[in-house]
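> Have a look at this prediction, sequence included:
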Amino acid sequence: MDENLLYKIALSIIPGIGGILARNVVAYVGTVEGVFAEPIKSLKKIPGIGEINALRIKDKDIFKNAERELRFIEKNEIEVLFYTDKIFPRRLKTCADAPVLLYTKGNLELNEHRIVSIVGTRNATNYGKLVCDELIQKFSERNYKILVVSGLAYGIDIQAHKSALKYNLPTAGVIAHGLDKIYPSLHAETARKMLENGGLVTDFPSGTKIDPSNFIRRNRIIAGLADATIVVESASKGGALITAEIASSYNRDVFAFPGRAGDVYSKGCNQLIRNSGANLMESIDDLEFFMGWEKTSKNKAVQSGLFVELTAGEEKIVSLLRENEELFIDQISSELTLPVSHVSAMLLALEFKNVLVAMPGKMYKLK
């Protein structure tokens, strides 16, 4: 057990201290445990903390609640991922407002080679369900190593999870509450099956009450975990459109299936496409084209760098891409602990050397 886990949980549950501020205070103090040892006078001087947040950090009830949560996760075999952990989702890590801590349960690989979020209306039509099912079937048929992410809600969300299970693809359900419950309860059986091939993800501790504001926070994780977000069906307003907007703000690709003119649950998708908020998607071929998902053997990728001279930094980038196949520039920068500007120059050099190719959204892969 991580000896600092209690401090990590405590940091994540302090009222008024979100992901951005939590990371800032750890960076300022130096360690997670050091945050709680820091005198109030010093805490108050940290930008964004002030007197109120300093007193919140020093509140003894924070550790009582953290100890209760620690007992819960130990009893229920829950894995905790902190933002400094190597296995913390690398795509989510690049999002400025990402949570500092995630609770996961099941058999999840959140750094899967390819991840897509599939979202849509809670009032899915038979057409929407069919489109969703056929898309996921194509993922399976084309042998993509892909994780399907959604929100375990009614409609398109639960269809995405069920179809992933049906075609033996891993699927992750991001929930807007703790892992002590499943909401809606009608989806508990599907959630149980997901634990065998995928699992559940949340940044909320146990005991969290169902609240509308939690769902926007959940939508940020759905968008941040994925390479692309696909909106299958949506009315002119709804959570799926919020998720699409968040994904776009994270510089991730957004796709939407068009619907019939006048169809209530296609208005949102048509609106996204019309306003250039999403790429038009009619089949998996559109996704493959925009994402550059042509199949490339690893042997070919390895051979591409055999006969060119690379600097030490360029070799590190090539090694990273051999391990992960596709990475965003921010992810490469984070892994190498180098400024984005430095990494950008090396990536450009590798492009000129015909070693890698740049894809939409500042993502890179080996040729």
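Cool, the structure landed.
> Please make it C-alpha for all contacts and neighbour counts, starting now.
Fine.
> tell me the domain boundaries of this protein?
As assigned by automatic domain parsing, the chain contains the domains 1-75, 106-291, 298-366.
> to the chain's geometric centre, what's the distance from the longest one?
I take that to be domain 106-291. Remark: domain 106-291 is offset 11 Å from the chain centroid, using Cα atoms, centre = their mean, to the nearest Å.
> same check, this time on the last one
When distances are taken as Cα atoms, centre = their mean, domain 298-366 is centred 22 Å away from the chain's centroid.
> still on that earlier bit, a markdown table please, covering the domains of the chain and showing distance to T84, mean neighbour count and mean pLDDT.
What follows is the domains of the chain, written out as a markdown table (distance: least, Cα to Cα, whole Å; neighbours: other Cα atoms under 10 Å; pLDDT from 0 to 100):
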| stretch | distance to T84 | mean neighbour count | mean pLDDT |
| --- | --- | --- | --- |
| domain 1-75 | 10 | 16 | 94 |
| domain 106-291 | 14 | 20 | 96 |
| domain 298-366 | 11 | 16 | 81 |
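> list the contacts for A66?
Applying Cα atoms under 8 Å, 6 or more residues apart in numbering, one finds that A66 lies in contact with 6-7, 9-10, 13.
> Can you say which helix or strand has it in it?
helix 61-75 (DSSP states H and E).
> buried ones in the helix or strand just after that helix?
Following helix 61-75 in sequence order, the next helix or strand is strand 79-82 (DSSP H and E). For strand 79-82, the buried set under the neighbour-count rule, 16 or more other Cα atoms under 10 Å, comprises 80-82.
> contact partners of stretch 260-280?
121, 123-125, 231-237, 241, 244-245, 248, 253-259, 286.
> Quick one: end-to-end length of that stretch, please.
14 Å (Cα to Cα, to the nearest Å).
> What of stretch 180-187?
14 Å.
> For the stretch 251-367 of the chain, which segments count as helices?
Counting by DSSP state H, counting those that start in this stretch, one finds helices in the stretch 251-367 of the chain at the ranges 267-274, 284-291, 298-304, 312-324, 329-336, 340-352.
> So which residues make contact with the second one?
Just to be clear, that refers to helix 284-291. Under Cα under 8 Å, 6+ apart, the answer for helix 284-291 is 135, 138-139, 253, 255, 280-281, 293-294, 359-360.
> which ones among those residues are found in strands?
253, 255, 280, 359 (DSSP state E).
> Bridged to the first one, which residues?
Same thing as D253. Residues in a beta bridge with D253, per DSSP bridges, are A228.
> One more: the last one?
Per DSSP bridges, the residues bridged to M359 are M363.
> OK, contacts around it?
291-292, 365.
> now, which of those residues sits nearest F88?
K365 (21.2 Å; Cα to Cα).
> What separation do you get for the closest one and G50?
Distance from K365 to G50, by Cα to Cα: 44 Å.
> D286 too?
With Cα to Cα as the criterion, D286 and G50 are 49 Å apart.
> cool, and N126?
53 Å.
> try V264
Taken as Cα to Cα, the span from V264 to G50 is 47 Å.
> what does R217 give?
Distance of R217 to G50, given as Cα to Cα: 24 Å.
> try E288
In terms of Cα to Cα, E288 sits 48 Å off from G50.
> what's the answer for A349, then?
45 Å.
> Also R114?
To G50, R114 is 41 Å away according to Cα to Cα.
> Grab the nearest non-local neighbour of the residue nearest to the spatial centre of the chain.
Centrality entry for the chain: nearest residue to the mean C-alpha point is L225, 1.3 Å, by Cα atoms, centre = their mean. Closest residue in space to L225, ignoring its immediate chain neighbours: L92 at 5.0 Å, by Cα to Cα, 6 or more residues apart in numbering.
> so the one you found sits in a helix?
Yes. Assessed by DSSP: H, G, I helix; E, B strand; the rest coil, L92 belongs to a helix.
> So for it, what's the pLDDT?
Looking at L92, its pLDDT reads 96.
> Look up how far P212 lies from it.
Taking Cα to Cα, one finds L92 at 22 Å from P212.
> does A256 really touch I230, like I thought?
Yes. With contact defined as Cα atoms under 8 Å, A256 reaches I230; the gap is 5.7 Å.
> Kindly list the main-chain dihedrals of L200?
When read as degrees, to the nearest 10, the backbone of L200 gives phi -120, psi 150.
> Tell me who's in contact with it.
Taking Cα under 8 Å, 6+ apart as the test, what L200 contacts is 104-106, 172-175, 179, 191, 194.
> Excluding chain neighbours, what is closest to it?
Using Cα to Cα, 6+ apart, the closest residue to L200 is G173 (4.8 Å).
> In the sheet, which residues pair with that neighbour? Tell me.
According to DSSP bridges, beta-bridge pairing links G173 with S150, L200.
> from memory it sits against S150, does it?
Yes. Contact criterion Cα under 8 Å: G173 and S150 qualify, at 5.3 Å.
> joint contacts of those two?
Contacts common to G173 and S150, judged by Cα under 8 Å, 6+ apart, are H161.
> Quick one: closest of the helices of the stretch 251-367 of the chain to A96.
helix 329-336 (11.1 Å).
> correct me, but G239 touches I216?
Yes. If you go by Cα under 8 Å, G239 and I216 touch, sitting 7.5 Å apart.
> quick one on the thing from earlier: and of the helices of the stretch 251-367 of the chain, who's closest to K64?
When the helices of the stretch 251-367 of the chain are compared by Cα to Cα, helix 329-336 sits nearest K64, at 33.9 Å.
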